[in-house]
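Q: what would the 3D arrangement of this be:
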Amino acid sequence: MAARNDLGSLIVAILVIAFTFNPQVVQFLAWLHRLLRSLLTPSSTRCELLLWRDFKPGQLHCHSGSAGGSRCTHCLAASTHVESEHCWTSTLALVFNNAWGARGRKNWAKKPEVLPLGESFVRTEAKVVLAYFVSTARVNWFAEELLGSRLDYVELWEEKGLVLAHVGRAQRVLDLTKDEVDKILDGWPPFYRKTFTSIEGHALESPLTSFDQVRRPGWIVAIGLGTVQPTDVFVDRRDTLGQTFRYAIQRVAKVLQDQFLAEWGGDAAVKEAIRDVENMMRHGPSAGRENWTWKTDRTDTITYPEAQKVSPLTKEQCEVLMRVFGQMTITQKDKNIIDPMLEACMARVRLGVMIALKYTSTDRVLKVPPLLQGDRVVYLRDCKARDD
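A: Got it, this is the predicted structure:
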């Protein structure tokens with residue numbers, strides 16, 4: 001009797017093994033497990049959803065309290081990156097807190113079956129990851145090969161046909177709007193801001209209203225008028241390694257020659273500006289007369305010590321100067337407005353050229369990796385999942 005029972009147990013065991021290893025049975029059991037898990041813990045079968053369309057127009061980052069920049073508690077927290085479950089709440093969620101807070105808590109997407117039920121993910125898209133990088137990158141902190149190969153603190157990999165990413169700490173947080181990031185990712189200058197503040201404190205509007213105007217030098221002059229901190233990388237829309245930007249810089253000299261020299265004849269300020277711009281084009285930005293500097297320490301900001309010594313311009317003079325170089329022509333009315341402050345205007349033109357040349361002298365082209373090209377879906381993974 002015992003032998004018969006043992007034989008029966010053996011037969012049952014063999015049948016169970018055979019039944020279990022049937023591919024269709026295995027697939028059914030996996031489906032059943034996922035169904036039961038979804039009923040018991042619904043959150044395990046879905047991902048948080050953050051798409052570019054969730055970002056409201058306007059500023060992407062809202063500074064804490066009345067403070068901004070380095071004093072903002074959000075910026076300080078995002079620069080530390082807490083290694084934990086849901087670590088994106090200490091980086092991407094803080095940098096893009098306007099969008100993250102506006103989503104509500106009902107933005108969910110079904111988790112792909114190939115992703116583990118026990119791990120949390122955020123379903124986003126390539127543009128959001130690139131926007132985070134452009135808004136937070138600081139070139140001086142990167143390895144030399146970064147710009148030609150990878151995104152450094154944004155880890156990317158492909159797993160089971162899906163693009164996964166881990167977002168590290170922000171290097172800094174620039175004040176950018178959704179529209180400005182859209183345009184910069186589309187190849188507009190890294191200095192582009194729809195509105196900016198002049199050295200004197202005037203509120204000014206960018207001379208750029210379309211991409212075709214990037215080849216005109218109005219925005220180069222705007223650099224010298226304002227205090228904009230550029231993004232540390234730029235997207236080369238036409239794969240020309242920044243030649244479009246350098247072409248605009250070259251046209252500054254053309255406007256000075258064709259318009260200012262014709263209107264002001266032998267004026268010393270105009271001649272000096274032409275000489276300095278041509279010297280900087282031939283020998284680099286350090287050949288300029290002014291002692292303006294581009295700091296390359298950890299603060300990575302542009303400073304304007306000599307600009308503070310130049311007589312201040314009125315808002316109207318700033319606007320006319322940008323328009324003259326943007327349209328590459330000057331009217332008698334424009335001349336009358338510029339003339340009282342011609343020397344100061346020429347100083348700002350030289351400053352804009354010097355900073356633009358300094359920026360383009362370094363390889364800052366962001367070569368978008370294949371995993372972030374097009375409208376790829378990206379799943380953010382946290383530190384807990386990466387370390388397991």
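Q: buried sites along the helix or strand where Asp276 lies?
A: Element membership for Asp276 (DSSP states H and E) is helix 268-283. If you call a residue buried by 16 or more other C-beta atoms under 10 Å, then helix 268-283 has these buried ones: 269-271, 273-274, 276-278, 280-281. Every C-beta, even on glycine, is put in place using the N, C-alpha and C of the backbone.
Q: run through the neighbouring helices and strands of that helix.
A: With contacts defined as 3 or more C-beta pairs under 8 Å, 6 or more residues apart in numbering; DSSP states H and E, helix 268-283 has these neighbours: helix 243-255, helix 261-264, helix 342-360.
Q: out of the ones you listed, nearest to Gly201?
A: helix 342-360 (14.6 Å; C-beta to C-beta).
Q: show me what that closest one is packed up against.
A: Using 3+ C-beta pairs under 8 Å, 6+ apart as the contact criterion, the elements in contact with helix 342-360 are helix 218-225, helix 243-255, helix 268-283, strand 293-294, helix 315-327.
Q: helix 342-360 and the last one, what's the angle between them?
A: Between helix 315-327 and helix 342-360, the angle formed by their directions is 50 degrees, by axes from the mean of the first three to the mean of the last three C-alpha atoms, to 10 degrees.
Q: helix 315-327 vs helix 243-255, what angle?
A: Angle, helix 315-327 to helix 243-255, by the same axes, to 10 degrees: 110 degrees.
Q: which residues are in contact with helix 315-327?
A: By C-beta atoms under 8 Å, 6 or more residues apart in numbering, the surrounding residues in contact with helix 315-327 are 198, 200, 202-204, 207, 213, 216-222, 225, 252, 255, 259, 313, 330, 334, 337-338, 341, 345, 348-349.
Q: that older thread, so which of the helices and strands packed on helix 268-283 is the most packed in?
A: For those, average neighbour numbers computed from mean count of other C-beta atoms under 10 Å are highest in helix 342-360, which has a mean of 24.
Q: quick one: it to helix 218-225, angle?
A: An angle of 110 degrees separates the directions of helix 342-360 and helix 218-225 when computed by the same axes, to 10 degrees.
Q: which other helices and strands contact the following helix or strand past helix 342-360?
A: Proceeding C-terminally, helix 342-360 gives way to strand 377-381 as the next helix or strand, assigned by DSSP H and E. For strand 377-381, the elements it packs on are strand 121-125, helix 126-136, strand 162-167, judged by 3+ C-beta pairs under 8 Å, 6+ apart.
Q: mind listing what's buried along strand 377-381?
A: Along strand 377-381, these residues count as buried under the neighbour rule (16+ other C-beta under 10 Å): 378-381.
Q: equivalent analysis for stretch 157-169, please.
A: Along stretch 157-169, these residues count as buried under the neighbour rule (16+ other C-beta under 10 Å): 162-169.
Q: same check on stretch 362-369?
A: Counting neighbours by 16+ other C-beta under 10 Å, the buried set in stretch 362-369 is 364-366, 368.
Q: can I get the residues you listed in CSV including pLDDT and distance to Thr136?
A: Output for those, formatted as CSV (pLDDT from 0 to 100; distance: C-beta to C-beta, whole Å):
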residue, pLDDT, distance to Thr136
Arg364, 80, 15
Val365, 81, 18
Leu366, 81, 13
Val368, 83, 16
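Q: and these, which is closest to Leu51?
A: Taking those together and measuring to Leu51 by C-beta to C-beta, the closest member is Val368, at 18.4 Å.
Q: that closest one contacts Phe234, correct?
A: No: assessed by C-beta atoms under 8 Å, Val368 is found out of contact with Phe234, at 11.5 Å.
Q: joint contacts of the two?
A: The contact sets of Val368 and Phe234 do not overlap (C-beta under 8 Å, 6+ apart).
Q: tell me the mean pLDDT over the helix holding Asp276?
A: For helix 268-283, the mean per-residue pLDDT is 91.
Q: what's it in contact with?
A: Defining contact as C-beta under 8 Å, 6+ apart, one finds that helix 268-283 is touched by 249-250, 252-253, 256-257, 260-261, 264, 287-290, 342-343, 346-347, 349-350, 353-354, 357.
Q: please save the CA atoms from that helix in PDB.
A: Taking only C-alpha atoms (Å, rounded to 0.1, in the frame of the first residue of the first chain), the coordinates of helix 268-283 have been written out as PDB:
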ATOM      1  CA  ALA A 268      36.900 107.000 -33.000                       C
ATOM      2  CA  ALA A 269      34.500 104.900 -31.000                       C
ATOM      3  CA  VAL A 270      33.200 103.200 -34.200                       C
ATOM      4  CA  LYS A 271      36.600 102.600 -35.600                       C
ATOM      5  CA  GLU A 272      37.800 101.200 -32.300                       C
ATOM      6  CA  ALA A 273      34.800  98.900 -32.200                       C
ATOM      7  CA  ILE A 274      35.400  97.600 -35.700                       C
ATOM      8  CA  ARG A 275      39.100  97.000 -34.900                       C
ATOM      9  CA  ASP A 276      38.300  95.200 -31.700                       C
ATOM     10  CA  VAL A 277      35.600  93.000 -33.200                       C
ATOM     11  CA  GLU A 278      37.800  92.000 -36.100                       C
ATOM     12  CA  ASN A 279      40.700  91.200 -33.700                       C
ATOM     13  CA  MET A 280      38.400  89.000 -31.600                       C
ATOM     14  CA  MET A 281      37.200  87.200 -34.700                       C
ATOM     15  CA  ARG A 282      40.800  86.500 -35.800                       C
ATOM     16  CA  HIS A 283      42.500  85.900 -32.500                       C
END
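Q: relative to helix 342-360, how tilted is it?
A: Orientation of helix 268-283 against helix 342-360 (the same axes, to 10 degrees) gives an angle of 10 degrees.
Q: now helix 268-283, how far from the chain's geometric center?
A: Taking C-alpha atoms, centre = their mean, to the nearest Å, one finds the center of helix 268-283 at 33 Å from the center of the full chain.
Q: over to stretch 319-326?
A: 27 Å.
Q: ok, back up a step: and which of the buried residues of stretch 362-369 is nearest to Asn97?
A: Distance to Asn97, by C-beta to C-beta, is smallest for Leu366 among the buried residues of stretch 362-369, at 23.7 Å.
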